[in-house]
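Q: Any chance you could fold what I've pasted below:
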Amino acid sequence: MPSMLAVVAVSVGQTLVIFVFLILALRVIGRQVMAQLTLIGYLVIALLGSAVESSLYAGSALLAAGLAAAATILVADKTLSALTQRSSRLRALLIGSPIVLVHDGQVVPEHLRRSRLSYNDLMSAVRLRGYDRLDKLRYVVLEVDGSVSVIEGG
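A: Prediction:
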């Protein structure tokens with residue numbers, strides 16, 4: 001039976017290997033994941049954590065499996081990203097598209113309902129961007145990453 005010090009040393013070593021692997025992999029493959037956190041981006045981050053979880057503390061036999069699972073997730077995300085760049089239909093299906101919430105100062109009620117936002121949510125987002133009235137705005141857009149863009153009237 002290995003000593004407690006040996007178990008700790010293996011655990012520390014595996015954790016460092018996974019840490020360095022994820023840094024390098026995200027730097028090379030996953031820059032888009034971090035730049036624009038869409039629903040898929042959040043999913044990739046959550047799955048990466050889950051993929052390496054058992055490798056962090058379960059013993060050296062699972063290190064390769066954790067690294068392989070993380071690499072598979074990153075490659076699948078890169079592939080999906082390439083496919084969605086080529087197909088606007090696939091992109092709209094999987095990632096969504098921006099939704100115009102306000103057009104020429106007027107709320108678009110159907111779009112507000114579709115985005116599951118209340119009028120109060122809309123006004124809160126508008127106020128956070130420094131505006132107090134909708135009639136001064138040309139567009140308010142709910143972006144695919146969940147942020148709200150405001151374009152002044154002209």
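Q: how is this structure carved up into domains?
A: Split into domains by automatic domain parsing, the chain comes to 4-93, 99-152.
Q: Please compute how far the longest one lies from its chain's middle.
A: Computed by Cα atoms, centre = their mean, to the nearest Å, the separation of domain 4-93 from the middle of its chain amounts to 13 Å.
Q: what about that domain, average pLDDT?
A: Regarding domain 4-93, the rounded mean pLDDT is 80.
Q: rewinding a little: quick one: the domains of the chain as a markdown table, columns for mean neighbour count too.
A: From N, CA and C alone the C-beta is placed, and that goes for glycine too. Shown next, in a markdown table, are the domains of the chain (neighbours: other Cβ atoms under 10 Å):
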| stretch | mean neighbour count |
| --- | --- |
| domain 4-93 | 15 |
| domain 99-152 | 15 |
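Q: What segments of the protein are helices?
A: Secondary structure of the chain (DSSP state H): helices at 4-28, 31-35, 39-57, 63-86, 88-94, 109-114, 119-128.
Q: a markdown table please, covering the ones you listed and showing distance to Glu152.
A: Shown next, in a markdown table, are the helices of the chain (distance: least, Cβ to Cβ, whole Å):
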| stretch | distance to Glu152 |
| --- | --- |
| helix 4-28 | 36 |
| helix 31-35 | 26 |
| helix 39-57 | 29 |
| helix 63-86 | 31 |
| helix 88-94 | 27 |
| helix 109-114 | 19 |
| helix 119-128 | 11 |
